[in-house]
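[1] Any chance you can model this:
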Amino acid sequence: MANTPQAKKRIRRNARRTEVNGARVSRIRTFIKKVESAIALGDKTAAAAALAAAQPELARGVSKGVFHKNTASRKFGRLSKAVGGLA
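    A predicted model of the protein is given here:
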């Protein structure tokens with residue numbers, strides 16, 4: 001258990017940040033799932049619209065530090081390739 005006041009404060013802060021970051025990651029995953037479901041249905045217009053909505057969310061995740069830049073780039077690249085491959 002933490003003994004110093006600063007260590008106690010860090011525990012409180014880390015708990016808050018974990019909650020906020022978890023919500024952020026969950027939100028991004030939801031946006032990605034919307035794109036993937038539109039791809040699975042073969043609906044190019046819906047997939048493109050969902051991808052356009054997911055891209056800023058991924059970028060926001062990178063800027064907030066919940067995703068690495070390359071991870072977000074890889075996810076976006078794979079999704080855009082899949083959307084582009086639809087008939």
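[2] how would you label Ala2: helix, strand or coil?
    For Ala2, the assignment made with DSSP: H, G, I helix; E, B strand; the rest coil gives coil.
[3] Contact partners for it?
    8, 10-11 (Cβ atoms under 8 Å, 6 or more residues apart in numbering). (Each C-beta comes from the backbone N, C-alpha and C, glycine too.)
[4] Okay, and which of those residues map to helices?
    Those of these mapping onto helices are 8, 10-11, per DSSP state H.
[5] so which of those would you say is closest to Lys75?
    Nearest to Lys75, judged by Cβ to Cβ, of those is Arg10 at 31.0 Å.
[6] and the gap between that closest one and Val20?
    15 Å (Cβ to Cβ, to the nearest Å).
[7] again, but for His68
    Distance from His68 to Val20, by Cβ to Cβ: 18 Å.
[8] Secondary structure element holding Ala59?
    For Ala59, the enclosing helix or strand under DSSP states H and E is helix 44-64.
[9] average pLDDT for the next helix or strand along the chain from that helix?
    Going down the chain from helix 44-64, the next helix or strand is helix 69-84, by DSSP H and E. Per-region confidence: helix 69-84 scores 96 on mean pLDDT.
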